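Student: what follows is a predicted structure for the sequence shown.
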Amino acid sequence: MGERHPLITREGSLLLHRLLEHPRAPRWNHACGDRLDAAGLERLLAFEERLRRAPGAAGQPGGDQAPPWALAFAGECLRRVPFHRARAETAAVPPPRDAAAFASLPTCDRGDLNRAFAAFVPDGEPLDELIVYETSGTTGHPVTILSHPFVSNCYLPLLRAALAVRGVPLEGGPGRVAIALVCAQSFTYTYASVSAYLGGAGFVKLNLNPLDWRDPADRAAFLDDCAPEVLSGDPLSFLALARLPLRHRPRALVSTSLALAPGFARELESRFGCPVLDLYSLNECRLVAAAAAPGAPAGREHRLVPHDVHLEVLDAAGRPVAAGERGEITLTCGRNPFLPLLRYRTGDYARLVPTAAGTALAELEGRAPVVFLDAQGRAVNSVDVSYLLKPFPLARYALHQARDRSLRLRLQGFAVDRGLVRAVLTKCFGGLPLEIGDLESPPGASAKLAPYTTEIPDGWRDAEPGFRAFTFRELMHPAGP
C-alpha cells in the first residue's frame, strides 16, 4: 500500500477498500497507485502552475519556428540520448542553433520505438522510478513505453485544464470517485486506485466485458454507486456504455485514443446529458489537444493543451509544410525522462493554425475506430486482435476485412508459424475465410501502414460486442502449451 500510495490517508484507505471489496465490483486483475510522495506532489503542482500561466501554449510560434526551449532540448537529446545521437551523427547534423537548423534534424516514429525503445533512455538517467508500460495496440502493434510516475500523473492537471475550457470542474476530494476509465475489450487490466493530486479521490479502470463481472447487471450498478465525476473511454467503450441502464449522470464524457465522429458525439451528449470532450492523446506523451467544441462540424479545431509540447506539421519528406497547409503532426516533448521525443512523427494529420487561445490543430485526422465482424456478426475489437498477435515475432502486419467478411492478413516477421497464426485468428473470428500472405512495402514505412482496415463502414455501431472468454495466458501465449 505505502509503495503504491505513499501519501494515502485514512479516508483514502477506506475508499480504496470499499472499491476493492464492493459487492458489485468487477473481478479486479491488477493493482496500481499514483506513487506520488511529497516531493513528487510538489513537482506536479508546480507543473500545474506553469500550465495555468500558459494555457493552450498561447506563446508557441508557428510550426516552422521552434521555441528556445525546444532548441535547448534538442541539443540535450543529441548529447545524451543514444537513439537521437546516432541519428544525428549518421546525418552529420550539429545541435540546432535556430529554427531552420531544428527543422533539419532527423525525425523518428512509432516504428523506431518498436525497434529500439531502450535507446531512447538518456545516458546516466536514474532508473529507480522506471515504469514499463505496454500499450494495448488500439490501432496496431502494441509498443513498449518507458515512463515515470510524474509523467503518468501529469495527465490529471492536463485533463483538468481541458475540462475547464468547457466549464466542467474536476474537483476530486476524499470519499468520492473522480474518474472511471471504461474499456470494451476481451481483456484489459482493471484496478482501483486513489489520487493524492485529486485530494484522495478514487480512480477506477473497468472493462465492460460481462465476463469480467460476477453478474452483467453489476456493471451499471457499480458505476451508479461510484458516481464518478468524469467517465473516460473511447467511442467503442462509450457505445457499450450507452447500452447499459446507467442512471448516473457524469459531469462529462472524455473520449480519447480514437477519433470521435461529431454525429456520435452529439448522440452521446443526448444520451448522458453532459458535454463530451474529444481529446487528441497519444500513449507516447498523453494528452496533446482538446476539441474546442465537440459535436461541431468536422472542421473544428483541437487546441493545444500542454505548455511543454512543440508541434510541427511535416510533409512526406519530413519538411515543414507552408503555413496553414495539411501535413503529419510531429511533436517535441521532454516531459518523460525515459522517452524524450524529438520531432516524433505521430502518423496523424492536420493543419496547424494560430488562434486567439493559442496553437490549434484544424481538420485533425486521427485514428478512426476499426472494428471487425466475426462469423456470427458480432463485433471484434482490433485491440483483441493486437493482443492475440502480440506473442508472434511479427515486425509488421495488416489485417483487412472485405464486405463479405472474409479476411486478408499480410505480415512481415522472422520464422512466423502461419499455421498457429491462422489457428488464433480462426478462434477469434469463428471460421471466416482467411488468406495469409506476405506484406510488401517500402522500408521505413511502418508509421504509415494502416494495420487494420475494413470495407464494412460503421458496422460496429449496430453489432453486438463479441467478447471472448480468453484467459490472460491465452492472450499472452495463444500458441503455447
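Tutor: Happy to help now that I have it.
Student: where does the stretch 101-250 of the chain have low pLDDT?
Tutor: 136-142 (pLDDT under 70).
Student: can you pull out the strands in it?
Tutor: If DSSP state E, counting those that start in this stretch is used as the criterion, the strands of the stretch 101-250 of the chain fall at 108-109, 131-134, 144-147, 177-183, 191-195, 201-207, 230-233.
Student: so which of the ones you listed gets nearest K390?
Tutor: strand 131-134 (8.5 Å; Cβ to Cβ). The way it works is simple: take the backbone N, C-alpha and C, and place the C-beta from them, glycine included.
Student: dump the closest one to CSV, keeping only the CA atoms.
Tutor: C-alpha atoms of strand 131-134 as CSV (Å, rounded to 0.1, in the frame of the first residue of the first chain):
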residue,chain,number,x,y,z
ILE,A,131,7.7,2.2,-15.3
VAL,A,132,7.4,-0.2,-18.2
TYR,A,133,4.1,0.2,-19.9
GLU,A,134,2.9,-1.9,-22.8
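Student: who's in contact with it?
Tutor: With contacts defined as Cβ atoms under 8 Å, 6 or more residues apart in numbering, strand 131-134 is touched by 142-149, 152, 283.
Student: now the two most distant members of the residues you listed.
Tutor: Based on Cβ to Cβ, the longest span within the contacts of strand 131-134 runs between P142 and P149 and measures 21.4 Å.
Student: and F73, which of the three is it?
Tutor: Per DSSP: H, G, I helix; E, B strand; the rest coil, the local secondary structure of F73 is helix.
Student: cool, the one 4 residues further on as well?
Tutor: Going by three-state DSSP, the secondary structure assigned to C77 is helix.
Student: any idea how far V371 is from it?
Tutor: Going from C77 to V371 by Cβ to Cβ, to the nearest Å gives 38 Å.
Student: any idea how the protein splits into domains?
Tutor: When the chain is parsed with automatic domain parsing, its domains come out as 10-61+114-365, 371-476.
Student: rebuild these as CSV, extending it with mean neighbour count and distance to L105.
Tutor: Formatted as CSV, those follow (neighbours: other Cβ atoms under 10 Å; distance: least, Cβ to Cβ, whole Å):
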stretch, mean neighbour count, distance to L105
domain 10-61+114-365, 19, 6
domain 371-476, 16, 17
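Student: kindly reformat these as CSV containing distance to P106.
Tutor: Formatted as CSV, those follow (distance: least, Cβ to Cβ, whole Å):
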stretch, distance to P106
domain 10-61+114-365, 7
domain 371-476, 12
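Student: which one of those domains lies nearest to A72?
Tutor: The closest of the domains of the chain to A72 is domain 10-61+114-365. By Cβ to Cβ, the value is 9.2 Å.
Student: pretty sure L231 sits against R251.
Tutor: No. Contact between L231 and R251 fails when scored by Cβ atoms under 8 Å: they sit 9.1 Å apart.
Student: before we move on, back to that, closest to V313 out of the strands of the stretch 101-250 of the chain?
Tutor: V313 lies closest to strand 108-109 among the strands of the stretch 101-250 of the chain, at 14.8 Å (Cβ to Cβ).
Student: residues touching that closest one, excluding its own?
Tutor: With Cβ under 8 Å, 6+ apart, strand 108-109 has contacts from 83-84, 87, 341-347, 446-447.
Student: ok, L156 - contacts?
Tutor: 44, 170, 195, 197-198.
Student: and the residue nearest to L231 when sequence neighbours are not counted, how far from F272?
Tutor: Among residues not flanking L231 along the chain, P250 sits closest, at 4.7 Å (Cβ to Cβ, 6 or more residues apart in numbering). Relative to F272, P250 is positioned 7 Å away (criterion: Cβ to Cβ).
Student: I appreciate the help and will end here.
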